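>>> This is the structure alone, sequence omitted:
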């Protein structure tokens with residue numbers, strides 16, 4: 001399922017998914033419509049924009065994860081956005097997204113996120129205030145900069161896709 005208020009972005013994502021072999025893609029222009037559609041369409045994965053109205057991507061993710069009437073709280077979700085500030089990446093991660101993809105996207109970057117979801121499925125963690133995919137990915141071969149929050153808090157502004165991935169890796 002593709003959830004984005006921009007029809008051109010939905011068309012781009014759908015074209016990429018079809019090229020990757022996806023046969024049945026549904027679209028929604030906001031989180032409210034997407035949640036209604038999920039009741040009738042068992043999505044294997046959701047690719048969702050952040051900035052939409054009346055129900056934005058982050059509220060949609062929270063509704064899918066914790067809504068009492070959610071048809072599938074375990075569905076993998078990839079968040080798309082042009083905003084990669086540290087606070088936004090953390091907020092998306094903590095709301096329950098599996099992967100975070102900065103716009104502009106490419107077929108290669110979208111394929112990489114989907115491949116990770118399929119090849120390295122993660123268990124879900126459930127507490128009183130948290131229901132999300134486990135952030136620990138056991139990436140022992142990581143060779144990037146320090147990944148701890150204390151180190152990332154020093155950075156300001158936009159994050160690179162590598163920094164976003166390091167943050168999602170916990």
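Arrived safely. Treat the numbers as computed from the prediction; the structure is a model and nothing was measured.
>>> Can you verify residue 64 is assigned to a helix?
Yes - Residue 64 forms part of a helix when assessed by DSSP: H, G, I helix; E, B strand; the rest coil.
>>> any idea how far it is from residue 100?
Remark: distance between residue 64 and residue 100 (C-beta to C-beta, to the nearest Å) = 16 Å. (C-beta placed from N, C-alpha, C; glycine too.)
>>> And residue 2, by the same measure?
Residue 2 is 16 Å from residue 100, where distance means C-beta to C-beta.
>>> same question, residue 114
Per C-beta to C-beta, residue 114 is found 13 Å from residue 100.
>>> got it, and residue 29?
To residue 100, residue 29 is 21 Å away according to C-beta to C-beta.
>>> Likewise for residue 34?
For residue 34, the distance to residue 100 equals 18 Å [C-beta to C-beta].
>>> and residue 80, how many residues sit next to it?
Burial measure for residue 80: 25 neighbouring residues, criterion other C-beta atoms under 10 Å.
>>> Other residues contacting the helix or strand that contains residue 61?
If you go by DSSP states H and E, residue 61 is part of helix 57-66. Residues outside helix 57-66 that contact it (C-beta atoms under 8 Å, 6 or more residues apart in numbering) are 3, 30-32, 34-35, 38, 46, 48-52, 55, 70, 72-73, 75, 77, 79-81, 91-92, 95-97, 131-132.
>>> still on that earlier bit, compare residue 29 and residue 100 (neighbour count), which wins?
It is residue 100, of residue 29 and residue 100, that has more neighbours when counted by other C-beta under 10 Å, with 24 against 17.
>>> where exactly do the strands run in this structure?
Assigned by DSSP state E, the strands in the chain fall at 2-3, 27-28, 46-49, 77-81, 99-102, 124-126, 131-133.
>>> Helices along the chain, start to end?
For the chain, helices defined by DSSP state H occupy the ranges 7-19, 31-38, 57-66, 86-95, 107-119, 149-152, 161-168.
>>> Quick one: list the elements packing against the second one.
Okay, so that is helix 31-38. Using 3 or more C-beta pairs under 8 Å, 6 or more residues apart in numbering; DSSP states H and E, the elements in contact with helix 31-38 are strand 2-3, strand 27-28, strand 46-49, helix 57-66.
>>> Quick check: bridge partners of residue 126?
residue 131 (DSSP bridges).
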